[in-house]
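> Take a look and give me a structure for this.
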Amino acid sequence: GDMEFWKVDASVRRLQELAQESGYMMPYMADAYDAVNMSLPEAGSRELPAYGRYDLAHAEDYGEFRSVDAIRLVMTKLMCYVNFDAMHSQQVLARWFPAAKF
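Have a look, this model is predicted:
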């Protein structure tokens, strides 16, 4: 059968906008703790940052978007417009899945 691959790329700015729109939870950076005279919590040698709903006005307080964050944000937005499950059940699609960044 035919195969089709879509590559959807998003700039950091677009990911920030999508995170703001969806209330995406992101970890706070160590510098954000410094601003409020606190230290980043740890368990043993592992850092345990708090998470908060992404706020574009305070973008500098959050860590960078990981590949998994970009996939989740883009897929959430795509699913607002494309019903992949319905397309699969109607045999328009045989399979669909998000792929990691390569």
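
> alpha carbons only for contacts and neighbour counts from here, please
OK.

> Listing request: residues of this protein with sub-threshold pLDDT.
1, 100-102 (pLDDT under 70).

> what about 80?
Applying pLDDT under 80 to the chain flags residues 1-9, 93-102.

> which residues of it fall in strands?
Taking DSSP state E as the test, the strands found in the chain are 25-27, 42-43, 46-47, 51-53.

> Give the pairing partners of the third one; include direction for each.
Strands adjacent to strand 46-47 in the sheet, as given by DSSP bridges, are strand 42-43 (antiparallel).

> The spatially most central residue of the chain and residue 25, how far apart?
With distances taken as CA atoms, centre = their mean, the residue of the chain nearest its centroid is residue 69 (2.4 Å). From residue 69 across to residue 25, the span is 10 Å (CA to CA, to the nearest Å).

> Same check on residue 84?
For residue 84 relative to residue 25 (CA to CA), the value is 25 Å.

> longest helix in this protein, by residue count?
Identified as the longest helix of the chain according to DSSP state H is helix 67-81.

> What residues of that helix count as buried?
Neighbour counts over helix 67-81 (16 or more other CA atoms under 10 Å) mark 69-74 as buried.

> Could you do stretch 38-55 as well?
Going by neighbour count (16+ other CA under 10 Å), the buried part of stretch 38-55 is 40, 49, 54-55.

> show me where the chain has helices.
Counting by DSSP H, the helices of the chain are 12-22, 30-35, 67-81, 84-89.

> quick one, the first one and helix 67-81 angle?
Spelled out, it's helix 12-22. Here the directions of helix 12-22 and helix 67-81 differ by 60 degrees (axes from the mean of the first three to the mean of the last three CA atoms, to 10 degrees).

> Any buried residues in helix 12-22, and which?
In helix 12-22, the ones that count as buried by 16+ other CA under 10 Å are 15-20.

> Tell me the helices and strands packed up against that helix.
helix 67-81 (3 or more CA pairs under 8 Å, 6 or more residues apart in numbering; DSSP states H and E).

> can you give me the offset of the helix it packs on from its chain's centre?
Between the centre of helix 67-81 and the centre of its host chain there is 7 Å, according to CA atoms, centre = their mean, to the nearest Å.
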